[in-house]
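Novice: the sequence and its predicted three-dimensional model are supplied below.
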Amino acid sequence: MNFFRLLGAYFVVSFMGEVAYRVNFFVQLFQTFLNLVVSLGGLAVIFSYTDKLGGWGPQEILALVGVYFLVGGLIGLVIQPGMEAFIQSVRDGTLDFTLIRPEDSQLLVSIGSIDIWKLIDILLGLGIMTWALIGLGYTVGLMQAGMFVLTLAAGGVIIYCFFLILATLSFWFVRIENILVIFQSMYEAGRWPVSLYPAWLRYGLTFVVPIAFATTIPAEALTNRLNLQTLLGAVGAALVLLVISRVIWRVGLRHYSGASA
């Protein structure tokens, strides 16, 4: 498939560019380690006073933290870099070079920038989830694994579409980078289950800024807490947002005037 071929090509190019600055690896490693210490330290303090947090036990929260690192790594690996580069290309007119290529422009924009060092976060997230499942004594069956993969994919699609819709606003507004920064700050809330928050904030983190779909729902699938209604809702939301984001992208392209305007 062209998608995987292009993704592989961009990954190789990004890898070759990043290895020229190997200190970036150690910077990313330090940042990830510091984030991990803060996350686990917070859990240790909280669960020294209670056995449950929003109905979740310590090992279940640990699984959620693993999903948080995994999804955060996926966002930082390809989604956010691509959207940031796209916003810049609209401003300076270099999106022209993407539009004349013989591939779908949305696809090229989406995978055009890759931060390979975010693979560290992905691997760390997988390690934390494994550790949590061992602590819970769970044996992940085929159905449970399938539900987790499905909700994780749905959450990834929802976050991608959300980023794309925000980034597409650059066709109408000059500077919107701060919107992406705000999302990154709000994503910090994803390290805790949404059931922990008051109703108004829980609603906001689910339907306004869809962080719950990215972290809490996949973690529910991983820890046998997910019901069929939530699963179908996540998949349905992903499909609807795919259509909406594509329509907004096509409308936005018609408002792009290019570097020669």
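Specialist: Ah, there it is.
Novice: give me the residue ranges of the protein where confidence is low.
Specialist: 1-3, 18-20, 22, 258-261 (pLDDT under 70).
Novice: tell me which residue is most central in the chain.
Specialist: In the chain, the residue lying closest to the centroid (Cα atoms, centre = their mean) is Ile75, at 3.5 Å.
Novice: what about the closest residue to it other than its chain neighbours, which SS state?
Specialist: Take Ile75 and drop its neighbours on the chain: the residue closest to it by Cβ to Cβ, 6 or more residues apart in numbering is Ile159, 6.2 Å away. (Each C-beta comes from the backbone N, C-alpha and C, glycine too.) Assigned state for Ile159: helix (three-state reduction, DSSP: H, G, I helix; E, B strand; the rest coil).
Novice: so who does Ile159 touch?
Specialist: For Ile159, the contact set (Cβ atoms under 8 Å, 6 or more residues apart in numbering) comprises 71, 75, 79, 210, 213-214.
Novice: now the helices: where do they sit in the stretch 151-261 of the chain?
Specialist: Assigned by DSSP state H, counting those that start in this stretch, the helices in the stretch 151-261 of the chain fall at 177-187, 199-203, 211-214, 216-222, 228-254.
Novice: let me know which of the ones you listed is the nearest to Gln144.
Specialist: helix 216-222 (6.9 Å; Cβ to Cβ).
Novice: now Trp26: which helix or strand?
Specialist: Slight slip there: residue 26 is Phe, not Trp. If you go by DSSP states H and E, Phe26 is part of helix 23-46.
Novice: what comes up buried for that helix?
Specialist: 28, 32, 35-36, 39, 43 (16 or more other Cβ atoms under 10 Å).
Novice: next: stretch 122-134.
Specialist: 122, 124-125, 128-129, 132-133.
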